[in-house]
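Peer 1: Need a 3D model of the sequence below.
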Amino acid sequence: MVLPVKGDSMAPTLCDGDLVMIDRRKVTPTGRKIYALIGPDGEARVKRIERLPTALLLHSDNDGFPTELVAPSDADRIRILGQVVWWGHTARD
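Peer 2: Residues are numbered from 1 along each chain as shown. Purely as a prediction, here's the structure:
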């Protein structure tokens, strides 16, 4: 699956308009790899996911965005679409 990135929370790794390829077979977070997900709010997102014993941390590469703690009560409402395995930067004017 290939999807466009919206926003700059993952900059400089991923920028607004970049394309990402998602491996839908890889839905179990390991390390701090990048994943596409549907958050508890129903929004599609791309974040680095860190699994804790009872919660998840969602990390942005852009220091202007805080790390988000997903409480155990909300963790089951997150749907991981898959791991981002490739990305392409779009040409900028």
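Peer 1: what residues are up against residue 72?
Peer 2: 54, 55 (C-beta atoms under 8 Å, 6 or more residues apart in numbering). Quick note: C-beta positions are derived from backbone N, CA and C, even for glycine.
Peer 1: For the lengthiest strand in the chain, C-alpha coordinates in CSV please.
Peer 2: Looking across the chain with DSSP state E, the single longest strand is strand 79-88. The C-alpha trace of strand 79-88 is given here as CSV (Å, rounded to 0.1, in the frame of the first residue of the first chain):
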residue,chain,number,x,y,z
ARG,A,79,-5.2,0.1,14.6
ILE,A,80,-1.7,-0.4,13.2
LEU,A,81,-1.9,-0.5,9.4
GLY,A,82,1.7,-1.6,8.9
GLN,A,83,5.3,-0.7,8.9
VAL,A,84,6.6,2.0,6.7
VAL,A,85,9.3,0.2,4.6
TRP,A,86,10.0,2.8,1.9
TRP,A,87,9.5,6.5,1.3
GLY,A,88,10.1,9.0,-1.5
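Peer 1: who's in contact with that strand?
Peer 2: With C-beta under 8 Å, 6+ apart as the test, strand 79-88 has contacts from 1, 5, 13-14, 18-29, 33-38, 44, 46, 49.
Peer 1: List the buried residues of that strand.
Peer 2: For strand 79-88, the neighbour count (16 or more other C-beta atoms under 10 Å) marks 80, 81, 82, 83, 84, 87 as buried.
Peer 1: That strand pairs with which strands, parallel or anti?
Peer 2: strand 19-23 (antiparallel), strand 34-38 (antiparallel) (DSSP bridges).
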